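A.B. asks: coords please:
(one chain, ligands or ions: 3)
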Amino acid sequence: MNITDKFSRKLRDLRISVTDRCNFRCSYCMPKEIYTSDYKFFKKTEILSFEEIIRLTKVLASLGVKKVRLTGGEPLLRNNIHVLVENLKNIQGISDISMTTNGVLLSKEKSILLKKSGLDRLTVSLDSLSNERFTKISGSKYLPSDVITGIENAQTSGFENIKVNMVVKKNINHFDILPMLDNFKNTGCIVRFIEFMDVGNTNLWDKKDVFSLEDILRTISEKYHIKALQKNYSSEVAKRWSYDGGEFGVISSISNPFCGDCSRIRLTAEGKLFTCLFASNSHDIKKLIRSSESDDVIKNYLLDIWSNREDRYSETRIVTDKQKFNKKAEMSYIGG
Ligand code: SAM
Ligand code: SF4
Ligand code: SF4
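C.D. replies: Ligands and ions are numbered 1, 2, ... in the order given. Below you'll find the predicted structure:
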């Protein structure tokens, strides 16, 4: 079954946040002043079990979902995540499973388990190669070399074309754009530069901190000859370029919104569904799952949600003072 929303957009992708916890405190995502040791993360009983996630994914697959991305918080903090991958992989209709991780828990053993369980693709986040800037941005005890070791472990286990996400903030790490491309030249990794987004309310987003698509391309062109590439598929979020050393991408949700192709639904660790990264309202699917309704009831509920979807936040974004205080879901909760 192929369902469409109010703007004829199909439901194709599911992003699952498997935990709201993280071993980093990135300033643009989980500022450490807010996510302190007193912060109330979800209890184990509050988050969806693997069985519940699998059941819901099966129903979503029957409505057209083909690709699943596991995210968080930090997805590798969830125990036995490879078991979830293995089960999702067996669902009829699901053709691609990927994961976004900060990479520091990608040990040799974990990488092998993930590969064997059927994980198709990995995205690893890395915002700077400078020890000083990395520790400051990530708010963690780790160094860029720990992330690179994780990437190398994943490559040794057979993961190819690993994507490396770098959130670029003006005057914070924009000077790391060229070093990142230099570092990942001819390694098979695809660096993707992400404009700093106004997700949630805690990261104090301001447009003046955005290093835009145009700024990024100008910076890269100072050193490299670049050429635009075609999209791999219609709902791909990153624009792609080749450079003398491989490929890179830019996710420009602020300067170049892509709502027209948005086929993504998002599931939080505690079982809320969001039809947009920037939505204020969600749908409580856990309640339905735990009240042991039949799969048909769940299917109809999902059909209704998607058919009534009208989200296009990035295309209509005008961040007025009033909008700044609209309550939005935090990135670590909704999963990116
Ligand atoms: N912890 C994992 C990680 O960092 O890769 C997965 C979850 S994280 C929320 C998913 C992605 O969102 C990461 O690549 C991260 O850099 C990105 N992200 C988080 N906050 C962002 C923001 N305000 N603007 C743009 N990207 C952001
Ligand atoms: Fe954690 Fe990822 Fe958010 Fe950084 S971006 S705080 S690693 S969830
Ligand atoms: Fe999709 Fe919402 Fe992002 Fe637009 S703003 S691309 S609708 S998630």
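A.B. asks: Now for whichever residue of the chain sits closest to ligand 1: which residues touch it?
C.D. replies: For the chain and ligand 1, the shortest gap (CB to the nearest ligand atom) falls at residue 336, measuring 3.1 Å. From N, CA and C alone the C-beta is placed, and that goes for glycine too. For residue 336, the contacting residues are 15, 71, 100, 199, 277, by CB atoms under 8 Å, 6 or more residues apart in numbering.
A.B. asks: For it, give its distance to residue 69.
C.D. replies: Per CB to CB, to the nearest Å, residue 336 is found 9 Å from residue 69.
A.B. asks: Same question for residue 126.
C.D. replies: 18 Å.
A.B. asks: So those two - more neighbours on which side?
C.D. replies: Counted by other CB atoms under 10 Å, residue 126 and residue 69 do not tie: residue 126 has more neighbours, with 25 against 21.
A.B. asks: Run through who's touching stretch 296-313.
C.D. replies: 3-7, 9, 11, 55-56, 59-60, 62-63, 257, 259-260, 262, 265, 273, 275-279, 283, 285, 288-289.
A.B. asks: Buried ones only from these, please, as a PyMOL command.
C.D. replies: The buried subset of these, as determined by 16 or more other CB atoms under 10 Å, is captured in PyMOL by this line:
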select buried, resi 3+5+9+11+55+56+59+60+62+63+259+262+265+273+275+276+277+278+279+283+285+288+289
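A.B. asks: joint contacts of residue 336 and residue 69?
C.D. replies: Common contact partners of residue 336 and residue 69 (CB under 8 Å, 6+ apart): 15, 100.
A.B. asks: And the strands in the stretch 51-200 of the chain?
C.D. replies: Here the stretch 51-200 of the chain has its strands, by DSSP state E, counting those that start in this stretch, at 67-71, 96-101, 121-125, 163-168, 190-195.
A.B. asks: what pairs with the last one, and is each one parallel or antiparallel?
C.D. replies: In this case it means strand 190-195. Partners of strand 190-195 in the sheet, by DSSP bridges, are strand 163-168 (parallel), strand 246-251 (parallel).
A.B. asks: what does the protein put close to ligand 3?
C.D. replies: 258, 259, 262, 276, 277, 278, 311, 312, 313, 314 (CB under 6 Å from any ligand atom).
A.B. asks: between those, which is nearest residue 160?
C.D. replies: Lowest distance from residue 160 to those (CB to CB) belongs to residue 258, with 25.3 Å.
A.B. asks: still on that earlier bit, filter the contacts of stretch 296-313 down to just the ones in helices.
C.D. replies: Among these, the ones falling in helices (DSSP state H) are 55, 56, 59, 60, 62, 285, 288, 289.
A.B. asks: Throw those residues into JSON lines and include pLDDT, thanks.
C.D. replies: Converted to JSON lines, these look like this (pLDDT from 0 to 100):
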{"residue": "55", "pLDDT": "97"}
{"residue": "56", "pLDDT": "98"}
{"residue": "59", "pLDDT": "98"}
{"residue": "60", "pLDDT": "98"}
{"residue": "62", "pLDDT": "97"}
{"residue": "285", "pLDDT": "96"}
{"residue": "288", "pLDDT": "94"}
{"residue": "289", "pLDDT": "94"}
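A.B. asks: Kind regards, and thank you for your time.
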